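[1] Show me the folded form of this:
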Amino acid sequence: MCAHIVLAEDDAKQAELVRRYLERERHTVVVVADGAAALDLVRRHPPDLLVLDVMLPGMDGLRICRAVRAESGLPVLMLTARSTEDDLLAGLDLGADDYVTKPFSPRELMARIRTLLRRAAPARPSQDGVTRVGTLTVDPVRHEVTVDGRAIDCTPGEFGLLELMAAQPDRVFSRGQLLEHLHGFDRYITQRAIDVHVMNLRKKIEAQPRRPARLLTVYGVGYKLTAGADAP
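    Here you go, the predicted model:
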């Protein structure tokens, strides 16, 4: 998959290293070292992916991520020397799709980028409007969920979680992001209720709820939905 990628990184050596690896994989890369310039470029010429350093002059990466996410669903991968749980959650809550801490392996970064680019295509529902993740299907028009062809009875909150996560399989959603989404279904929802919804969903969609293969916990961050054992 060849993509147009904007790399916002003010460390010249780091930017050059990442650029070379991206171009080896036949991506087109534009490097920008200033935060405000990066946001302007993304708005004028939207790329397929934004690789965004948190510490940028002019405007930091968190502010850029917030602005981008308010305007589009552009995939965003954040780079940072910060590695605390609060920093990770801050980036994810602002809408970042993935977060890589420095120092990192360029090969690992390329693998993360390939995953994000693959994920961007499945985010669109099929022609019949049904979203599929392995043998799990979510039909927002009929408000139906099936697993292995078997209908699953979901509450509105459970359906809302599956609809959101199935649209972007393998993306990690923080509890804060899930909470914000579910306010449309239940304005009194709490973070504890998110965990209860996940627990109840596992009983319905997992062969072994105590050893989930589809709806996974990413410890210290949140949850993600995968094809699990259905993946090729």
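[2] State the pLDDT value of the residue lying closest to residue 165 once chain neighbours are set aside.
    In this structure, residue 165 finds its nearest non-sequential neighbour in residue 225, 3.8 Å apart by C-beta to C-beta, 6 or more residues apart in numbering. For glycine as for every other residue, the C-beta is placed from the backbone atoms N, C-alpha and C. Model confidence at residue 225, given as pLDDT, is 92.
[3] Verify the stated contact: residue 225 with residue 215.
    Yes: in this structure, residue 225 sits in contact with residue 215. The criterion is C-beta atoms under 8 Å, and the distance is 5.7 Å.
[4] which residues are in contact with both of the two?
    Listed as contacting both residue 225 and residue 215 by C-beta atoms under 8 Å, 6 or more residues apart in numbering are residue 165.
[5] So if I had to pick from those two, which one is more boxed in?
    Remark: of residue 225 and residue 215, residue 225 carries more neighbours, 26 against 23, as counted by other C-beta atoms under 10 Å.
[6] got the contact list for that one?
    With contact set as C-beta under 8 Å, 6+ apart, residue 225 has these partners: 133, 136, 162, 165, 166, 169, 170, 214, 215, 216.
[7] if you set the cut-off to 10 Å instead, what comes out?
    Residue 225 makes contact with 133-134, 136, 138, 161-162, 164-173, 201, 205, 214-216 under the criterion C-beta atoms under 10 Å, 6 or more residues apart in numbering.
[8] Just these: which are in helices?
    Secondary structure from DSSP state H places 161, 162, 164, 165, 166, 167, 201, 205 of the contacts of residue 225 in helices.
[9] Nearest to residue 95 among those residues?
    Distance from residue 95 was checked for each of the ones in helices among the contacts of residue 225 by C-beta to C-beta. The minimum falls on residue 164, at 12.6 Å.
[10] tell me the SS of the closest residue in space to residue 25 that isn't next to it in sequence?
    Leaving out its chain neighbours, the residue that sits closest to residue 25 by C-beta to C-beta, 6+ apart is residue 110, at 6.3 Å. When states are read from DSSP: H, G, I helix; E, B strand; the rest coil, the local structure at residue 110 comes out as helix.
[11] Might one say that residue 110 is in contact with residue 18?
    Yes: between residue 110 and residue 18 there is a contact at 9.0 Å, judged by C-beta atoms under 10 Å.
[12] more neighbours, those two?
    Under the neighbour definition other C-beta under 10 Å, residue 110 and residue 18 were set side by side, and residue 18 has more, 24 against 16.
[13] residues touching the more buried one, list them.
    Residues in contact with residue 18 (C-beta under 10 Å, 6+ apart) are 5, 7, 9, 11, 29, 31, 51, 53, 79, 104, 106, 109-110, 113.
[14] Can you add distance to residue 45 and pLDDT and give those residues back as CSV?
    Conversion of the contacts of residue 18 to CSV gives the following (distance: C-beta to C-beta, whole Å; pLDDT from 0 to 100):
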residue, distance to residue 45, pLDDT
5, 12, 94
7, 14, 96
9, 18, 95
11, 23, 92
29, 13, 94
31, 14, 96
51, 15, 96
53, 19, 92
79, 21, 89
104, 26, 88
106, 25, 90
109, 23, 92
110, 23, 93
113, 19, 91
